[in-house]
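> for reference, the sequence and a predicted model appear below.
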Amino acid sequence: MSQTLNVDQIRKDFPILSRRLHGNKALVYLDSTATAQKPVTVIRAMEDYYNQTNANIHRGVHTLAEEATAAYEGARERIAKFIGARHAREVIFTRNTTESINLVAYSWARKNLVSGDVVILTEMEHHSNLVPWQILADERGIRLEFIPVTEEGELDLLTYQNLLELRPKLVAFSQMSNVLGTINPAREIIEMAHRAGAVTLIDGAQSVPHLPVDVQQLGADFLAFSAHKMCGPTGIGVLYGRRDLLEAMPPFLGGGDMIKRVTLRSFSPNELPHKFEAGTPAIAEVIGFGAAVDYLIQMGMNNIAAHEHAITRYALDRLSEISGLKLIGPSAEKKGGVCAFTMEGIHPHDIAQLLDREGIAVRAGHHCAMPLHQRYGLPATTRASFYLYNTFDEVDLLAEALERAKELFG
């Protein structure tokens, strides 16, 4: 078991974990892959902004506006440092990972890709890293190719090497699967792509909250991630982009704050990062995002990764003891805190509803990864996912509840 985090103490930081459900059952929250819970420091940071500092940013010279701007840009600085960016200007605030990927598709890709150009994706992608490229393929005639997923839940890098002979313009992939939990070898994938002359985009929605991610060490060109999966608020995300790439890209949205000069018939875009942040932004959410990053740094990303690895290994061992339960994905050594599974004779949604009666929150469905489920011949799975506040006792409660569900369905 993990010796790196004081989980009992950490749980006191999250008010929602004290909730009781359905006849006074303790909440067992195993759905952090969908969204993580929020520590009180994040909640207070947003409350403090509204209570003490509420003002628009970048435009006012009064005290509140200057304080709000300093808090907003201070959060950007800390987030940039958190992911190892060379400069805070390389951090663009968006609504979420989905919007970040769409920003690349609508700005960089529409400027740089033409009919016949190849984009390489993988079979394990979230819809957010599939649909924008499908739209572009319909619009521009680009060619989509896919790195296959093996039966064990890993990427087939030999096939990837062969696909690179097509000289792709872009390789876009998830660093960690939201279904399989697979942690892909991002640095190797990027190095191979760069040797073939391709730009790379990492979907970091699952990786950035759970393990150390340094864009310079990885050699990343673009990285997309969301605050709400890393103890921060909803409605705010980041696109990291190499400065030279971002400076060469046209604006994504037009309006206020993204301009340097406007006439009736023309405009000049603002400097980075403001060129891509049109209109009044989610100020309180950015401040909350900064507080979430501070919290994760305090806990230590290596400590978080070690705890999740230990609890995932324990969960895989416990769940594998249940007859009729089939786990999807690789071994604990190759995955993050995700356990997706099916149970013979019970639909995943029924499992999730039965677990909810026990106060256990899990996710059921295709998890916005329908092609991956089709690859395994599955309409849906049940998914339990873990974070820094989950305990080994909660895994035992999950396993015991699944045994009761199996008995109920005969």
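The structure has been received and is ready for your questions.
> where along the stretch 51-200 of the chain do the helices fall?
Listed in chain order, the helices found in the stretch 51-200 of the chain under DSSP state H, counting those that start in this stretch are 63-82, 97-103, 110-112, 131-140, 157-163, 186-195.
> pick the most buried one from these.
By mean neighbour count, with neighbours taken as mean count of other CB atoms under 10 Å, helix 97-103 ranks first of the helices of the stretch 51-200 of the chain at a mean of 25. Bear in mind the C-beta positions are built from the backbone N, C-alpha and C, glycine included.
> export that one as CSV, just CAs?
Provided in CSV are the C-alpha atoms of helix 97-103 (Å, rounded to 0.1, in the frame of the first residue of the first chain):
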residue,chain,number,x,y,z
THR,A,97,-9.7,19.8,-23.4
THR,A,98,-12.3,19.5,-26.1
GLU,A,99,-12.1,23.2,-27.0
SER,A,100,-8.3,23.1,-26.9
ILE,A,101,-8.2,20.3,-29.5
ASN,A,102,-10.7,22.1,-31.6
LEU,A,103,-8.6,25.3,-31.4
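> can you offset everything so residue one is 36?
In the new numbering, first residue 36, that becomes helix 132-138.
> quick one, what contacts the residue positioned nearest the centre of the chain?
Computing the C-alpha centroid of the chain and ranking residues by CA atoms, centre = their mean puts A240 first, at 1.1 Å. Listed by CB atoms under 8 Å, 6 or more residues apart in numbering, the contact set of A240 reads T132, H161, S163, S209, N213, A259, F260, S261, K264.
> from the residues you listed, which single one is nearest R46?
K264 (18.5 Å; CB to CB).
> for the nearest residue to that closest one once chain neighbours are set aside, phi and psi?
Closest residue in space to K264, ignoring its immediate chain neighbours: P244 at 4.8 Å, by CB to CB, 6 or more residues apart in numbering. With angles defined as degrees, to the nearest 10, P244 sits at phi -70, psi -20.
> OK, contacts around P244?
Counted by CB under 8 Å, 6+ apart, P244 has contacts S67, A71, F260, K264, M265, C266, L331, Y422.
> so which of those belong to strands?
F260 (DSSP state E).
> before we move on, back to that, next, format the helices of the stretch 86-235 of the chain as CSV and append mean pLDDT and distance to G335.
Formatted as CSV, the helices of the stretch 86-235 of the chain follow (pLDDT from 0 to 100; distance: least, CB to CB, whole Å):
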stretch, mean pLDDT, distance to G335
helix 98-117, 97, 12
helix 132-138, 98, 24
helix 145-147, 97, 39
helix 166-175, 97, 34
helix 192-198, 98, 31
helix 221-230, 98, 21
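> looking at those, which is closest to F311?
Comparing the helices of the stretch 86-235 of the chain under CB to CB, the one sitting nearest is helix 132-138, at 6.6 Å.
> list the contacts for T377?
Contacts of T377 by CB under 8 Å, 6+ apart are L360, K361, I363, P383, L413, T416, T417.
> now, which of these lie within helices?
P383 (DSSP state H).
> same list (the contacts of T377) but as TSV, adding distance to P50, pLDDT and neighbour count.
TSV is the format used below for these (distance: CB to CB, whole Å; pLDDT from 0 to 100; neighbours: other CB atoms under 10 Å):
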residue	distance to P50	pLDDT	neighbour count
L360	33	97	20
K361	36	97	15
I363	33	97	21
P383	30	97	22
L413	36	97	16
T416	30	98	27
T417	27	98	26
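> R392: which of the contacts of T377 is nearest?
T417 (14.5 Å).
> is it true that the closest one touches D385?
No - using CB atoms under 8 Å, T417 makes no contact with D385, being 9.2 Å away.
> how does this structure divide into domains?
42-65+335-443, 78-333 (automatic domain parsing).
> test my guess that H401 contacts H408.
Yes - shown here, H401 and H408 form a contact pair, counting by CB under 8 Å, at 4.9 Å.
> which neighbours do these two share?
P414, A415, T416.
> quick one: the residue nearest to the second one when sequence neighbours are not counted from G359, how far?
Going back to what we said before, that points to A415. Excluding the flanking residues, the one nearest A415 by CB to CB, 6+ apart is P383, at 4.4 Å. As judged by CB to CB, to the nearest Å, P383 and G359 stand 13 Å apart.
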